[in-house]
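Undergrad: 3D model of this:
(chains A, B, C and D, ligands or ions: 4)
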Number of protein chains: 2
Amino acid sequence: MYEKYVKTLKDHSIKITSQRLEILKYLNEHHTHPNVEEIYSELKKKHPSLSRTTVYNSLEILKKNKIVQSLTISGSELRYDIEESLHHHFLCKKCGAILDISITCPNMDRTLDGGHRVEEVQGYFKGICKNCQTTEKGRRTNG
Amino acid sequence: MYEKYVKTLKDHSIKITSQRLEILKYLNEHHTHPNVEEIYSELKKKHPSLSRTTVYNSLEILKKNKIVQSLTISGSELRYDIEESLHHHFLCKKCGAILDISITCPNMDRTLDGGHRVEEVQGYFKGICKNCQTTEKGRRTNG
DNA sequence: TACTAAATTGTAATAATATCAAATTAGAAA
DNA sequence: TTTCTAATTTGATATTATTACAATTTAGTA
Ligand SMILES: [Mn+2]
Ligand SMILES: [Mn+2]
Ligand SMILES: [Zn+2]
Ligand SMILES: [Zn+2]
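TA: Ligands and ions are numbered 1, 2, ... in the order given. Below is the predicted model of the structure:
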């Protein structure tokens, strides 16, 4: 059940704790880019002793080890995501969904403007998602 | 002196106030992507009655009118920038500088993943800036 | 099985931003 | 130019996300 996450932590020499395993599992199973509060309140249901501070601490150490990444696309709080292949993100201004975008960025791992060394790239796209456009049209037609 | 900024506000039918003019002037003259506190404390020197709330409110209305834009690249607070031609940003992890990057993004004003309507694109690059690399090398060589 | 450094917990502090009501003012109308 | 009013500014207070910290617990090693 948790072997996969145990391995991930071992590979990075991070101590294995149930809290960390649960957080990793949650992120692996929910690619919705949740914020700390969502992760905390969801896991709290099954593990009532969980502390918010632990969620913050765990995400921090996972981030340092590049196992998860944080996004600032929402503007108001950090959103979390497991680090898989490089991808970008789309924020729907109507429904708030944050979606994965798999376009290749021609500027990763490059030296920019003749000198800046790039270690991270984040592409944020904002607009109206496919689904919300359909709904708009639907509403107009129906009502 | 302020004609340029008066015109900008008039063109958008935004009421002309000294506070708004000062903020616009500040952003036009400082392309350092300052946060609210920097703008506030700098302008406060010359205009002691200025309120932080006004800085927040003004930036908000300027943003709604696409006269300024906000960046979340720093993670902890919003940074502001006048909206000129589309450009992206580089954050130096060493000195904290936020620099303009003028690369063309092939994904603006497009429809992504067969349906999402893109209205905004922000490209965030993070790493070590040219200047900080020179310093590193210099240090190593010299000491 | 015992030990210890690291992790977890809960509380309290901080920082950024939002809310609100009273005072002021920009700009339209008279 | 003066009057009027809706919009803006102000300052105080509230809220929210995040960090700091000290006491308790625990993972993993010896
Ligand atoms: Mn993602
Ligand atoms: Mn810029
Ligand atoms: Zn949507
Ligand atoms: Zn630098």
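Undergrad: tell me the angle of the longest strand along chain A relative to strand B:116-128?
TA: Longest strand in chain A, counting residues (DSSP state E): strand A:116-128. Angle between the axes of strand A:116-128 and strand B:116-128 is 160 degrees (criterion: axes from the mean of the first three to the mean of the last three C-alpha atoms, to 10 degrees).
Undergrad: Extract the C-alpha trace of strand A:116-128 and format it as PDB.
TA: Output of strand A:116-128 as PDB, limited to C-alpha atoms (Å, rounded to 0.1, in the frame of the first residue of the first chain):
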ATOM      1  CA  HIS A 116      21.400  34.000 -15.800                       C
ATOM      2  CA  ARG A 117      21.500  30.300 -14.900                       C
ATOM      3  CA  VAL A 118      18.000  28.800 -14.900                       C
ATOM      4  CA  GLU A 119      17.200  26.000 -12.400                       C
ATOM      5  CA  GLU A 120      13.500  26.200 -12.400                       C
ATOM      6  CA  VAL A 121      10.700  27.200 -14.800                       C
ATOM      7  CA  GLN A 122       7.100  27.700 -14.100                       C
ATOM      8  CA  GLY A 123       4.600  28.600 -16.700                       C
ATOM      9  CA  TYR A 124       1.300  29.900 -15.500                       C
ATOM     10  CA  PHE A 125      -1.600  30.300 -17.900                       C
ATOM     11  CA  LYS A 126      -4.900  31.900 -16.800                       C
ATOM     12  CA  GLY A 127      -8.200  32.200 -18.500                       C
ATOM     13  CA  ILE A 128     -11.400  30.200 -18.900                       C
END
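Undergrad: Residue A:133 and residue A:94, how far apart?
TA: Relative to residue A:94, residue A:133 is positioned 9 Å away (criterion: C-beta to C-beta, to the nearest Å). Where you see a C-beta, it was placed from the backbone N, CA and C, and this is true even at glycine.
Undergrad: neighbour-wise, which of those two wins?
TA: Using other C-beta atoms under 10 Å in any protein chain shown as the criterion, residue A:133 and residue A:94 rank with residue A:133 on top: 17 against 13.
Undergrad: which secondary structure element contains that one?
TA: Using DSSP states H and E, residue A:133 maps to helix A:130-142.
Undergrad: partner residues bridging the residue in chain A that ligand 4 sits nearest to?
TA: Closest approach between chain A and ligand 4, counting by C-beta to the ion: residue A:116, at 8.3 Å. Beta-bridge pairing of residue A:116 under DSSP bridges involves residue A:112.
Undergrad: which residues does it contact?
TA: If you count contacts by C-beta atoms under 8 Å, 6 or more residues apart in numbering or on different chains, residue A:116 has them with B:90, B:92, B:99, B:101, B:125, B:127-130.
Undergrad: Let me have these in JSON lines, extended by pLDDT, distance to DNA strand D and neighbour count.
TA: Formatted as JSON lines, the contacts of residue A:116 follow (pLDDT from 0 to 100; distance: C-beta to the nearest atom of the strand, whole Å; neighbours: other C-beta atoms under 10 Å in any protein chain shown):
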{"residue": "B:90", "pLDDT": "95", "distance to DNA strand D": "21", "neighbour count": "24"}
{"residue": "B:92", "pLDDT": "96", "distance to DNA strand D": "19", "neighbour count": "20"}
{"residue": "B:99", "pLDDT": "95", "distance to DNA strand D": "23", "neighbour count": "20"}
{"residue": "B:101", "pLDDT": "90", "distance to DNA strand D": "25", "neighbour count": "17"}
{"residue": "B:125", "pLDDT": "93", "distance to DNA strand D": "21", "neighbour count": "27"}
{"residue": "B:127", "pLDDT": "93", "distance to DNA strand D": "20", "neighbour count": "21"}
{"residue": "B:128", "pLDDT": "93", "distance to DNA strand D": "21", "neighbour count": "19"}
{"residue": "B:129", "pLDDT": "92", "distance to DNA strand D": "22", "neighbour count": "23"}
{"residue": "B:130", "pLDDT": "92", "distance to DNA strand D": "27", "neighbour count": "17"}
